[in-house]
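*Asks:* Structure for this input, please:
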Amino acid sequence: MRTIISMIMLLSILMVMQACNTETETSKKISNEAMERLNTMDKAKEIAQRNELVGLRQAISTFYATEGRYPKDLSELEKFASVTIDKGIYKYDPGNGTITVTQ
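*Replies:* Model prediction:
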């Protein structure tokens, strides 16, 4: 009887250990997939910011060609180009019309 109880306990322990191992492997796989998605989202955000920066530089050049001066600030450029600019991520120098991403 003791042998049967011992074997049942041993099998139970082995099953619990296997379940924990499988859960850990699944968690690692999910974590890796989540990290890949975050990296992809970060890359997409960078590309979008770069494209927006190109557009803003073109708008600044057009403003200069039209007005003979650079916009005094990004708000003036927004009105001119009829766009909305996230001013928190750009650094603009009205002296020479340069714009860069602050991040």
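*Asks:* Which strands or helices does the helix or strand that residue 79 is a member of pack on?
*Replies:* Taking DSSP states H and E as the definition, residue 79 sits inside helix 74-81. The elements that helix 74-81 packs onto, with contact taken as 3 or more C-beta pairs under 8 Å, 6 or more residues apart in numbering; DSSP states H and E, are helix 2-67, strand 90-93. C-betas here are computed from N, CA, C, even on glycine.
*Asks:* So what's the gap between that helix and the chain middle?
*Replies:* Taking C-alpha atoms, centre = their mean, to the nearest Å, one finds helix 74-81 lying 26 Å from the centre of the chain it belongs to.
*Asks:* What are the buried residues along it?
*Replies:* The neighbour-count criterion (16 or more other C-beta atoms under 10 Å) identifies 74, 77-78, 81 as the buried residues of helix 74-81.
*Asks:* Can you pull out the residues in contact with that helix?
*Replies:* Outside of helix 74-81, the residues that reach it under the criterion C-beta atoms under 8 Å, 6 or more residues apart in numbering are 56, 59-60, 62-63, 66, 71, 83-85, 87, 90, 92, 99.
*Asks:* pLDDT and distance to residue 34 added to those residues, as JSON lines?
*Replies:* Compiled in JSON lines, the contacts of helix 74-81 are given as follows (pLDDT from 0 to 100; distance: C-beta to C-beta, whole Å):
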{"residue": "56", "pLDDT": "96", "distance to residue 34": "33"}
{"residue": "59", "pLDDT": "96", "distance to residue 34": "37"}
{"residue": "60", "pLDDT": "97", "distance to residue 34": "39"}
{"residue": "62", "pLDDT": "96", "distance to residue 34": "42"}
{"residue": "63", "pLDDT": "96", "distance to residue 34": "43"}
{"residue": "66", "pLDDT": "96", "distance to residue 34": "47"}
{"residue": "71", "pLDDT": "97", "distance to residue 34": "41"}
{"residue": "83", "pLDDT": "91", "distance to residue 34": "33"}
{"residue": "84", "pLDDT": "91", "distance to residue 34": "31"}
{"residue": "85", "pLDDT": "92", "distance to residue 34": "31"}
{"residue": "87", "pLDDT": "88", "distance to residue 34": "31"}
{"residue": "90", "pLDDT": "92", "distance to residue 34": "30"}
{"residue": "92", "pLDDT": "96", "distance to residue 34": "36"}
{"residue": "99", "pLDDT": "96", "distance to residue 34": "34"}
